[in-house]
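Peer 1: Provided below for reference: sequence and predicted model.
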Amino acid sequence: VQLVESGGGLVQPGGSLRLSCAASGFTFSDYAMNWYRQAPGKERERVAAITSAGSSANYADSTKGRFTMSRDNVKKMVYLQMNSLKPEDTAVYYCNANGPTWRLAPKSDYWGQGTQVTVSS
């Protein structure tokens, strides 16, 4: 199982970045996908989530209206479009897979290695 994030970097406040996560080694379309982030000295928080079919996404209050999560089940990719970035968005961003959706328990949880996003002038 692998989740590989890319697309992080340094951006000025108000700018945009698009994170990508490439999945392999599991049945991607059976898993809900999440983006988490962790800033120095803070707990990891979920910023966006999307259903296995991609029919519905939800967001943390801090990212609602600025971030958009999407997925491509053919390419086994998930994306996070981040607009109007703020310094407080600075963190390591992690891709997470949780599922399979057809099984109540136990759920499997897979994580990527993370990609750094820094918002600074």
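Peer 2: Structure's in. What do you need? Numbers count the residues shown, from 1 in each chain.

Peer 1: use CA for all of it now, contacts and neighbours both
Peer 2: OK.

Peer 1: helices of this structure, start to end?
Peer 2: Ranges of helices in the chain, per DSSP state H: none exist.

Peer 1: how about the residue nearest the centre of the chain: what's its closest non-neighbour residue?
Peer 2: Centroid-nearest residue in the chain, with CA atoms, centre = their mean: residue 35, separated by 2.3 Å. Distances taken as CA to CA, 6 or more residues apart in numbering put residue 95 closest to residue 35, at 4.8 Å, once the chain neighbours are dropped.

Peer 1: any idea how far the one you found lies from residue 120?
Peer 2: Distance, residue 95 to residue 120, by CA to CA, to the nearest Å: 23 Å.

Peer 1: those two: who's more crowded?
Peer 2: residue 95 (30 against 16; other CA atoms under 10 Å).

Peer 1: correct me, but that one touches residue 80?
Peer 2: No - using CA atoms under 8 Å, residue 95 is not in contact with residue 80; the gap is 9.6 Å.

Peer 1: shared neighbours of these two, which are they?
Peer 2: residue 35 (CA atoms under 8 Å, 6 or more residues apart in numbering).

Peer 1: ok, the residue nearest to residue 112 when sequence neighbours are not counted - contacts?
Peer 2: Excluding its sequence neighbours, the residue lying closest to residue 112 (CA to CA, 6+ apart) is residue 3, at 4.5 Å. Counting by CA under 8 Å, 6+ apart, residue 3 touches 21, 22, 23, 24, 95, 96, 110, 111, 112, 113.

Peer 1: and those residues, which two are furthest apart?
Peer 2: 24 and 113 (13.9 Å; CA to CA).
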